[in-house]
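J.: Compute the structure for the input listed below.
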Amino acid sequence: MPFSTDTQGREDVIIELFRATFTASEGAEEGALIGSLVHNLLASTAQQDRFVVIAEEEGAIIGGILFSRLTYEQDERTVFVLGPVAVVTDQQGMGIGQRLLNQGLAALRSAGVDIAMTYGDPGYYAKVGLRPISEKDAPAPFTLQQPGGWLAQSLTDQVMTPLKGPSRCVEALNDPMYW
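T.: Numbers count the residues shown, from 1 in each chain. Modelled structure (predicted):
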């Protein structure tokens, strides 16, 4: 299965992947919300502030993940936050999401990113090395609705130490409804 970070000209297909996947699993309202989020991440986030990885099968995009920059005002480390992740409904449970995550983390590591974070299911993300972290050690941009889902992983050979200062996410994620 080929993976790619080249999404040029395929933005509409990627947006539809996320909209359809979240509609199938969470309903039309959530599908529209996540589709809009992905549109905004792709359209308004500077290239250096986002990473997109897609999985393809026979030329069709069957999965995708997005990472965007998370800035800590008093910390020099480079941090990216994962979200969202989607795999077409009929291909879920086959390990595609996990392989996408591994590809994405490898791309971040190669680009010199120090820390990857996400806000999601600890059981799922533990499979690729993300571990729970407290908001005291890594302040979120907004109060987390489910603090147990705040996860992080060092992408360097350094142990992750607390991140300093308040955090700021990219504009597309700058809304408490996502947190």
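J.: Find the centremost residue of this protein, please.
T.: For the chain, the residue nearest the mean C-alpha position is Leu82 (1.9 Å; C-alpha atoms, centre = their mean).
J.: ok, so what distance separates the residue of the chain most remote from its centre from Pro2?
T.: Most distant from the centre of the chain: Glu58, at 24.5 Å, with distances by C-alpha atoms, centre = their mean. Distance, Glu58 to Pro2, by C-beta to C-beta, to the nearest Å: 10 Å. To be clear about C-beta, it is placed using only N, CA and C from the backbone, and glycine gets the same treatment.
J.: Ok, Leu70 next?
T.: According to C-beta to C-beta, Leu70 and Pro2 sit 28 Å apart.
J.: Can you pick out the residue with more neighbours from the two?
T.: Leu70 (23 against 9; other C-beta atoms under 10 Å).
J.: That one looks like it's in a strand, true?
T.: Yes. Under DSSP: H, G, I helix; E, B strand; the rest coil, Leu70 falls within a strand.
J.: Model confidence for it, exactly?
T.: We have a pLDDT of 98 for Leu70.
J.: Is it correct that Phe80 is in contact with Ser68?
T.: Yes. The criterion here is C-beta atoms under 8 Å, and Phe80 meets it with Ser68 at 6.4 Å.
J.: Now the common contact residues for the two.
T.: Phe51 (C-beta atoms under 8 Å, 6 or more residues apart in numbering).
J.: The two: which is more packed in?
T.: Taking other C-beta under 10 Å, Phe80 and Ser68 do not tie; Phe80 has more neighbours (25 against 20).
J.: how far is the helix or strand containing the more buried one from where the chain is centred?
T.: Using DSSP states H and E, Phe80 sits in strand 79-87. Here strand 79-87 shows a centroid-to-chain-centroid distance of 1 Å under the convention C-alpha atoms, centre = their mean, to the nearest Å.
J.: Who does it pair with, and is each partner parallel or antiparallel?
T.: Its sheet considered, strand 79-87 pairs with strand 60-72 (antiparallel), strand 115-119 (parallel) by DSSP bridges.
J.: The helix or strand following that strand: which residues count as buried?
T.: Using DSSP H and E, the helix or strand that follows strand 79-87 in sequence is helix 96-110. By 16 or more other C-beta atoms under 10 Å, the buried positions in helix 96-110 come out as Ile96, Gly97, Arg99, Leu100, Leu101, Asn102, Gln103, Gly104, Leu105, Ala107, Leu108.
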